[in-house]
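Asks: Below are the sequence and a predicted model; questions follow.
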There are 2 protein chains.
Amino acid sequence: MTTRTPLTRARLATVGAELADEVGFEHVTASEVARRCGVRVASLYSHVRDADDLRALVCLLALDELADRASAAVAGRAGAEALAALAGAYRDYARAHPGRYAAMRHRLDPATAAASAGPRHADLTRAALRGYGLDADGETHAVRLFGGLVHGFVTLELAGAFDHSDPSPEVSWEWSLTALDATLTGWSTR
Amino acid sequence: MTTRTPLTRARLATVGAELADEVGFEHVTASEVARRCGVRVASLYSHVRDADDLRALVCLLALDELADRASAAVAGRAGAEALAALAGAYRDYARAHPGRYAAMRHRLDPATAAASAGPRHADLTRAALRGYGLDADGETHAVRLFGGLVHGFVTLELAGAFDHSDPSPEVSWEWSLTALDATLTGWSTR
DNA sequence: GTTGATACCTAATACTGTTAGGTAAGGACG
DNA sequence: CGTCCTTACCTAACAGTATTAGGTATCAAC
C-alpha cells in the first residue's frame, strides 16, 4: 500500500470541513471523520481533546479561510466598493460552504478565539470602513451594523427564509448594501 | 401519588424549551427531556416521530411565543416606533430565551413550516412597515433588510461577538434602528 | 365482562463518545 | 547489531443516546 496520509490536526480540520459542507455542521461526528480518514475513532484522541475540539478545528479553518478571501476581496478597493466586495465574500463563502460557515458560530474558548482569525475579520471590516471618515465609536457601531446585516441576511437566505417571496434575494442584497453605504456616508458628516 | 401530568406534545415542547434555554438548543436530547418528564425515553416515541421531531416541537413553540410578543409590541404603533418595538421584541426574546431563539433556526419540513407561526412573523414585519408607503417589491426588500439586520445583530450579540469592544451594544442598536428608519423613509420617496 | 384504546413500561440493538492499555515500525544510541 | 523510545495507530470496554418491538395496566364503552 502507498503510505497513507498521516493524521494531523490540519487533516482532521479539512476532512471535518468537507463533511460539514456535505451533511451540515451539526452532524459532524468524530466517528464519521475517523471513517473518512481510514482510521478508528479512538485514534482521533491523540490529536484532539474531544469531539468539541474537533469541531473547533473546523471553526478555526473556516475563520481562516474566509479571512483570506475577505482580505483578497477588499484589497485595492475603498468605500462602497470595498464594503460590497467584503460583504460579497461572506455571502459567497456561505453559499459555497454552508457547513464551514455554520462552524464559524461554534463557541471557542477565549484563548483559542483570541488566537484565531476572528480578530482579523473585525480588522478587515474596520479597514473597509476607513473611507467613511468615522470616529472610533462610529466605526464600532458601523462594524456591528455591517456584521449584523451581512450575517443576518446570509443566514436567513441560507435557511431558505427568502424562498417563498417574489423578487430575487439578489436585488434585496444590492438594495441593502446601497442603503448601508448611504447610511455610513451620512454618519461621517455628523 | 398525585396524578402526574400526562405526556402531551405540548408538554414535551415546554420541557424541551426550558431545557434549551438552560443548556442550549443543540444539547436538547430526548433522554434528558424524558428524564425531566419522569418517563422512559421510549415513551416519547408515542408522541414524537424521532428526536428531530422533538426539536421541531421546540421550534414551533418558540415561533409561536415570539409571534405573540411581536404582535403585542407593534399593536397601536406605527412608523419608526413600530419598527423599534418589533425589533426590540426579537432582541428581548433572544436574550431572555436564547435556547428557544436558537430553536427557531431549526429546519422544518415545508408542510410544518407553512402551518407554523413563521408566516405570522413576515406578516407582522409587513404590518410594521406599512407606514413607509413602499410598493410590493420595496416592501419585500424591506422585510429582508429588517429581518437580516435584526437577526444578525441579535445573533452576534448573543454569541458574544460584541463583548470585547467599547461602546455598549445598546448604542449600536439604537443607531442601527435609526439608520434603518432613515433608509426606509428614503425608499418611500422614490 | 370482554374489547379496545391509551399511555406507559422493559428489553434489545445500533451508534457515538471516551478512556485504558497494547503493538508495530523507525530512528537514536550503546 | 541489538535495545530503547517515540510515534501513530490499534483493540477492548464502557457510558450515553436514538430507535424499535412488544408487553402490561387502566379505563371507558358496549
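Replies: Looks like it arrived, so ask away.
Asks: what about the helices in chain A?
Replies: Assigned helices in chain A, in chain order: A:9-23, A:30-36, A:41-44, A:51-74, A:79-96, A:98-103, A:110-115, A:118-129, A:136-158, A:169-188 (criterion: DSSP state H).
Asks: Could I get the buried residue list for the third one?
Replies: When burial is assessed from 16 or more other C-beta atoms under 10 Å in any protein chain shown, helix A:41-44 yields the following buried residues: residue A:44. (Each C-beta comes from the backbone N, C-alpha and C, glycine too.)
Asks: Which one, of the helices of chain A, ends up nearest to residue B:105?
Replies: Of all the helices of chain A, helix A:136-158 sits nearest to residue B:105, with 7.6 Å by C-beta to C-beta.
Asks: circling back: can I get the helices of chain A in a markdown table including distance to DNA strand C?
Replies: Converted to a markdown table, those look like this (distance: least, C-beta to the nearest atom of the strand, whole Å):
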| stretch | distance to DNA strand C |
| --- | --- |
| helix A:9-23 | 11 |
| helix A:30-36 | 3 |
| helix A:41-44 | 3 |
| helix A:51-74 | 3 |
| helix A:79-96 | 24 |
| helix A:98-103 | 14 |
| helix A:110-115 | 16 |
| helix A:118-129 | 24 |
| helix A:136-158 | 23 |
| helix A:169-188 | 34 |
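Asks: now for the ones you listed, which one comes closest to chain B?
Replies: Proximity to chain B, assessed across the helices of chain A by C-beta to the nearest C-beta, is greatest for helix A:136-158 (2.4 Å).
Asks: Show the average pLDDT along the closest one.
Replies: Along helix A:136-158, the predicted local confidence has a mean pLDDT of 97.
Asks: Ok, stretch A:36-45 next?
Replies: Taken as a whole, stretch A:36-45 has an average pLDDT of 95.
Asks: and the end-to-end length of it?
Replies: Across stretch A:36-45, the terminal residues are separated by 15 Å (C-alpha to C-alpha, to the nearest Å).
Asks: Relative to residue A:21, how far out is residue A:112?
Replies: 22 Å (C-beta to C-beta, to the nearest Å).
Asks: Between the two, which is the more surrounded one?
Replies: It is residue A:21, of residue A:112 and residue A:21, that has more neighbours when counted by other C-beta atoms under 10 Å in any protein chain shown, with 20 against 14.
Asks: ok, now which ones touch that one?
Replies: With contact taken as C-beta atoms under 8 Å, 6 or more residues apart in numbering or on different chains, residue A:21 is in contact with A:97, A:98, A:99, A:100.
Asks: swap in residue A:61?
Replies: Under the criterion of C-beta under 8 Å, 6+ apart, the neighbours of residue A:61 are A:13, A:14, A:16, A:17, A:100, A:103.
Asks: Among the residues you listed, the buried ones, what's the ChimeraX command?
Replies: For selection in ChimeraX, the members of the contacts of residue A:61 meeting the burial criterion (16+ other C-beta under 10 Å) are listed in this command:
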select /A:13,16,17,100,103
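Asks: what pLDDT does residue A:189 get?
Replies: Residue A:189 is assigned a predicted lDDT (pLDDT) of 64.
Asks: Find the centremost residue of chain A, please.
Replies: Nearest to the centroid of the C-alpha atoms of chain A, with distances taken as C-alpha atoms, centre = their mean, sits residue A:101, at 4.8 Å.
Asks: ok, it touching residue A:65?
Replies: No. In this structure, residue A:101 sits apart from residue A:65 without contact. The criterion is C-beta atoms under 8 Å, and the distance is 10.2 Å.
Asks: Looking at the helices of chain A, which is nearest to DNA strand D?
Replies: If you check each of the helices of chain A against DNA strand D by C-beta to the nearest atom of the strand, helix A:41-44 wins as the nearest, at 3.3 Å.
Asks: and residue A:87, what does it touch?
Replies: For residue A:87, the contacting residues are A:146, A:150, A:177, taking C-beta under 8 Å, 6+ apart as the criterion.
Asks: One more: residue A:91?
Replies: Counting by C-beta under 8 Å, 6+ apart, residue A:91 touches A:150, A:153, A:154, A:157, A:173.
Asks: Spit out the residues that contact residue A:101 and residue A:65 alike.
Replies: Residues touching both residue A:101 and residue A:65 (C-beta under 8 Å, 6+ apart): residue A:93.
Asks: so where is chain A shaky, pLDDT-wise?
Replies: Within chain A, the set of residues satisfying pLDDT under 70 comprises A:1-4, A:189-190.
Asks: Write out the residues of it neighbouring chain B.
Replies: If contacts are counted using C-beta under 8 Å from any C-beta of the partner chain, the residues of chain A sitting beside chain B are A:26, A:105, A:107, A:122, A:136-137, A:140-141, A:143-145, A:147-156, A:159-162, A:165-167, A:169, A:171-172, A:175-176, A:179, A:182-183, A:186-187.
Asks: Enumerate the residues of chain A near DNA strand D.
Replies: For chain A, the residues found near DNA strand D under the criterion C-beta under 7 Å from any atom of the strand are A:4, A:6, A:7, A:38, A:39, A:40, A:42, A:43, A:46.
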